[in-house]
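**Q** Quick one, structure for this:
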Amino acid sequence: MSEEIRRMLREQGMRLSQLELELAQRRPLEPQFISLPPEPPEIPPWLGVALLIMGAIALYIVIRFVICFWQAIICVLGFSGLSAILGFIAGHMISERIRVAIAAIASIFSLLLLSYVLSQGVVGNFIFEDAYISSSAWNNFYSVSGILIASLVSIDVLIVIIKRKILESD
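**A** Numbering: from 1, shown residues only. Purely as a prediction, here's the structure:
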């Protein structure tokens, strides 16, 4: 049986090589059948200039924003970081698996809340003129941030009290 299979394979191999030879003689390989990757389209020079101008305008807006509101940015990021730390502590006391999630939620919530409170008191257009944050907005900001920090600290204290009560009952 294996002798017959070998013989059939040899015959098929010779037949395949004959077919390949006939095909190569009929149609030799021509360069038009070889496909090269297409060249990338040429970027017009005006597009590069337009992108450069748009980038410069975006950079100007970002720089003006930072210059006008650097104190507010530092305050918001500071209180948001403090909220993240308090959320991390609360999450660590509850379960080690959710500590980062609670810290991220506390940080994002406080960042949005405090940014919104400060944005309500912006006077002026920061792009073309000097802008400032009104004193009432700063007062609201410190009131809201105090309430936020106090609530996070009270949540941490509540978690400690509940854990202590649970441990005492066991």
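
**Q** Torsion angles phi and psi at Ser154?
**A** phi -70, psi -30 (degrees, to the nearest 10).

**Q** nope, Phe126 is what I meant
**A** phi -70, psi -10.

**Q** and if you look at Ile133?
**A** phi -100, psi 130.

**Q** tally of neighbours for it?
**A** Using other C-beta atoms under 10 Å, Ile133 is surrounded by 20 other residues. To be clear about C-beta, it is placed using only N, CA and C from the backbone, and glycine gets the same treatment.

**Q** Chain neighbours aside, what residue packs nearest to it?
**A** Distance criterion C-beta to C-beta, 6 or more residues apart in numbering; nearest residue to Ile133, sequence neighbours excluded, is Gly121 at 5.1 Å.

**Q** measure the residue nearest to Ser136 when sequence neighbours are not counted to Phe69 for me?
**A** Closest residue to Ser136 apart from its sequence neighbours, by C-beta to C-beta, 6+ apart: Gly121 at 5.9 Å. Distance of Gly121 to Phe69, given as C-beta to C-beta, to the nearest Å: 11 Å.

**Q** what do these two both touch?
**A** Ile133 (C-beta atoms under 8 Å, 6 or more residues apart in numbering).

**Q** tell me, how many neighbours does the residue nearest to Ile133 end up with?
**A** The local packing of Gly121 (other C-beta under 10 Å) involves 17 other residues.

**Q** wait, it sits on Ala131?
**A** No. Using C-beta atoms under 8 Å, Gly121 is not in contact with Ala131; the gap is 10.5 Å.

**Q** re earlier: so what's the backbone phi/psi at the residue nearest to Ser136?
**A** Main-chain torsions, Gly121, degrees, to the nearest 10: phi -110, psi 20.

**Q** now do the one 3 residues further on
**A** As for Gly124, its main-chain torsions (degrees, to the nearest 10) stand at phi 100, psi 170.

**Q** List the buried residues of stretch 132-140.
**A** In terms of neighbour count (16 or more other C-beta atoms under 10 Å), stretch 132-140 has its buried residues at 132-133, 137-138, 140.

**Q** can you list contacts of that stretch?
**A** The contact list for stretch 132-140 (C-beta under 8 Å, 6+ apart) reads 68-69, 72, 117-118, 120-124.

**Q** Produce a ChimeraX select command limited to the buried residues of those.
**A** Applying 16+ other C-beta under 10 Å to those leaves a buried subset, and the ChimeraX line that selects it is:
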select :68,69,72,117,118,121,122
